[in-house]
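In: would you be able to build a 3D model of this:
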Amino acid sequence: MKIAIIPVGEAALTIAAVIEKETGGQRITRNQVGECWSGFDAFVFIGALGICVRTIAPFIQDKHTDPAVVCIDTTGRYVISVLSGHVGGANDLSKRLAAALGVAPVITTQSDNNGLWPLDTLGQQNDWVTVTNDNMNAVITAFVNRHPTALLIDCHDEGAEMMLRTKPAHVTVVNNTKEVTAESFKLLIVVSPFVHEKPAGVMTLQYVPKVASLGVGLAHQAVPDGIGDAITRQMVDHGLMKESIREVATIDIKRDEPFIRELQSKGLTVRLFAAEQLAGVKVPNPSDVVSKHVGTASVCEAAAILATDGGRLLMPKIKGATFTAAVAVPERYLPTNGGHIEIVGAGPGNPELVSVRGRRMLEQADLILYAGSLVPRELTLCAKPGAVVRSSASMNLEEQCALMKEFYDRGAQIVRLHTGDPCIFGAIQEQMAFFDAHNMSYHITPGISSFLAAAAELRSQFTIPERCQTIILTRGEGRTPMPEREKLHLLARSQSTMCIFLSAAIVDDVQRELLQEYPEDTPVAACYHLTWPDQRIYRGVLSDLAKIIHDNHLTLTTMIVVGESIDNRQGLSELYSKHFSHLFRKGNGD
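Out: Numbers count the residues shown, from 1 in each chain. Next comes the predicted model:
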């Protein structure tokens, strides 16, 4: 956002300096506002509201084109959204500036103050295309006046999930437009890449997420005239909105074709794939002729599938005189047959350390299957009334999978709750193989791993400039064999910070291997039940590691950390003065 800052009088200069640093805005004078009106996205006045209004009055034209205007009083107590609150972004800018000053914003927009969705900017916020044949002002008026509104969602991106979470009381979720009648609803809001019939007598507003990829094959130097229109007609016949296309994909040898150039000139992203990449994709309509000429049995279908990471073809290959086309959408956006499994990382144990998304998944689940021997039951107490909550501690893999499939086949939402981050020693591989074999919908929500909790509880930075820039996550060799190249003594050669999982029971072997490379006085920490109420942490040196574990009767739920980064404060001032300048690192990094 290009922001102009207009301080009115000397009393405004202090606040102007704060706003300038916060936004990177440019100071101008009141006399320059007219000539700069179309050159900035927002104007921030610091002074009396009357002066702000009189200054901008001659230049105001339309809320869809006017810049955002915010006014801050010279005491910094009031940040007022004056003009273009929704469309121009003045409301959001007011909230940002108020946060920088530590005050509350003054916003008079009805939908904002009532906690309602801003229908006129909701599409822009979520990168959706807004489509309606009704008067937008009438649509907004009906919504903010809380007339009965139907909500139809069949594309589940983050924006759609937000709408389901924040649904106002006058909004009813429906499964199809047949449920929407003029007797029951004034307005229908649709979030979908699909064509939906407009119910008679009901205003309809559709947001079209740009989730589809269009794969195209082209004859050499095909004239572009008419190709786009023909593809659009075919998309509609297949029930797809043309606005859902986010990118076009084709074979790399077609990069200079006129139709591709035309699409790029309109701002569409074009992805190019080599014949070898396309040839590896299984498609429903392969062509021997295409294979003979370009080295792959499919261009349009394979390109669409590749561009969507193996997505679903919603428009299989259609043929024109000089082109072929296909459309695919990633599976994660599409409605399932009802059931879904979310593999959630529970974090290291403290219920407050589960992610926001993970918590939401737990709250919505019909079945929560948690690793009872490793995950505190307190994490499941947020389950909704009627949800089934089961521990998998006494179940074998077949029993776990059978229970999840039973609920999945009913169309239920399932959470499989694993300790830490499920992708690190999480034992989810076999479960995912089962889900894949039965074509079940699933997704992974990452969690905070115990090695991160160890760093936090040890109050240690596991990477130190010029001393240690690598963290190794591994385990000792117990019943599960380790690859020869990953033996502990080989990993220890770098003397990096090493976080060793699931190895307290074989600590004697672990210590022996580590001592082959680390000095005896290398700092170590044995961290038991990290972030749990009974957390215990023992510090020492490597030569005493096994004794620490044995003397304190520590179990498999112990993280072993080895490396000079533990509690290291020596020389940090010198290192930081060398690598930091005015609190900013001179290079890249977290």
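In: pull the residues that contact stretch 349-367.
Out: 165, 342, 344-347, 368, 375-376, 378-384, 386-390, 403-404, 407, 410, 412-415, 417, 419, 445-448, 453, 529-532 (CB atoms under 8 Å, 6 or more residues apart in numbering). Yep, even glycine has a C-beta here, placed from its N, CA and C like the rest.
In: now, of those residues, which are buried?
Out: Among these, the ones that count as buried by 16 or more other CB atoms under 10 Å are 342, 344-347, 368, 375-376, 379-380, 382-383, 387, 389, 403-404, 407, 412-415, 417, 419, 445-448, 453, 529-531.
In: counting only strands, which of those residues make the cut?
Out: Glu342, Val344, Gly345, Ile368, Val389, Gln413, Ile414, Val415, Leu417, Thr445 (DSSP state E).
In: now the residue nearest the centre of the chain. Nearest residue, chain neighbours left out?
Out: Centrality entry for the chain: nearest residue to the mean C-alpha point is Glu158, 7.2 Å, by CA atoms, centre = their mean. In space, and not counting its chain neighbours, Glu158 is closest to Asn126: 7.3 Å by CB to CB, 6 or more residues apart in numbering.
In: contacting residues for that neighbour?
Out: Contacts of Asn126 (CB under 8 Å, 6+ apart): Asp157, Glu158, Gly159, Tyr207, Pro209.
In: can you check Gln234 too?
Out: By CB under 8 Å, 6+ apart, the neighbours of Gln234 are Met315, Ile318, Ala325.
In: paired strands for the host helix or strand of Tyr207, with orientation please.
Out: Tyr207 belongs to strand 203-209 when assigned by DSSP states H and E. Applying DSSP bridges to the sheet, strand 203-209 is found paired with strand 128-131 (antiparallel), strand 187-191 (parallel).
In: next structured bit after it?
Out: strand 212-218.
In: partners of that next one in the sheet?
Out: With DSSP bridges as the test, strand 212-218 pairs up with strand 245-251 (parallel), strand 323-329 (antiparallel).
In: other residues contacting that strand?
Out: By CB under 8 Å, 6+ apart, strand 212-218 touches 193, 231, 240, 244-251, 254, 257, 259-260, 271, 290, 299-305, 307-308, 311, 314, 322-329.
In: least trustworthy helix or strand in this protein by mean pLDDT?
Out: Within the chain, no helix or strand scores below strand 584-585, which has a mean of 45 by mean pLDDT, DSSP states H and E.
In: the nearest residue to Val174 once chain neighbours are set aside: what secondary structure?
Out: Distance criterion CB to CB, 6+ apart; nearest residue to Val174, sequence neighbours excluded, is Ala150 at 4.8 Å. Following DSSP: H, G, I helix; E, B strand; the rest coil, the label given to Ala150 is strand.
In: tell me the contacts of Ala150?
Out: Ala150 neighbours (CB under 8 Å, 6+ apart): Val171, Thr172, Val173, Val174, Glu179, Val180, Ser184, Phe185, Leu187, Leu188, Ile189, Val202.
In: any chance of the strands paired with strand 203-209 in a markdown table, plus distance to Ile80 and mean pLDDT?
Out: As requested, the strands paired with strand 203-209 are exported to a markdown table (distance: least, CB to CB, whole Å; pLDDT from 0 to 100):
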| stretch | distance to Ile80 | mean pLDDT |
| --- | --- | --- |
| strand 128-131 | 28 | 96 |
| strand 187-191 | 30 | 97 |
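In: most tightly packed of these?
Out: Mean neighbour count, computed with mean count of other CB atoms under 10 Å, is highest for strand 187-191 among these, reaching a mean of 23.
In: quick one: that one to chain centroid distance?
Out: How far strand 187-191 lies from its chain's middle: 24 Å, per CA atoms, centre = their mean, to the nearest Å.
In: also stretch 516-526?
Out: Mean C-alpha position of stretch 516-526 versus that of the full chain (CA atoms, centre = their mean) differs by 39 Å.
In: what's the helix or strand for Ile560?
Out: strand 558-562.
In: name every strand pairing with that strand and say which way it goes.
Out: Using DSSP bridges, strand 558-562 pairs in its sheet with strand 497-501 (antiparallel), strand 523-528 (antiparallel).
In: thinking again about what came up before, now the buried members of the contacts of Ala150.
Out: Buried members of the contacts of Ala150, counted by 16+ other CB under 10 Å: Val171, Val174, Val180, Phe185, Leu187, Leu188, Ile189, Val202.
In: if I look at the last one, how far off is Asp134?
Out: In other words, Val202. Distance of Val202 to Asp134, computed by CB to CB, to the nearest Å: 9 Å.
In: wait, a strand at Thr121?
Out: No - using three-state DSSP, the assignment for Thr121 is helix, not a strand.
In: since we're on the closest residue to it other than its chain neighbours, how many residues are nearby?
Out: Closest residue in space to Thr121, ignoring its immediate chain neighbours: His86 at 4.8 Å, by CB to CB, 6+ apart. Residues near His86, counting by other CB atoms under 10 Å, number 23.
In: verify the contact between His86 and Pro118 for me.
Out: Yes - if you go by CB atoms under 8 Å, His86 and Pro118 touch, sitting 4.9 Å apart.
In: what about the helices in the stretch 1-150 of the chain?
Out: All helices of the stretch 1-150 of the chain, identified by DSSP state H, counting those that start in this stretch, fall at 13-23, 33-36, 49-56, 90-101, 110-113, 119-126, 136-144.
In: same question but for the stretch 301-450 of the chain, I mixed them up
Out: Using DSSP H, counting those that start in this stretch, helices in the stretch 301-450 of the chain cover 356-364, 397-409, 429-437, 450-458.
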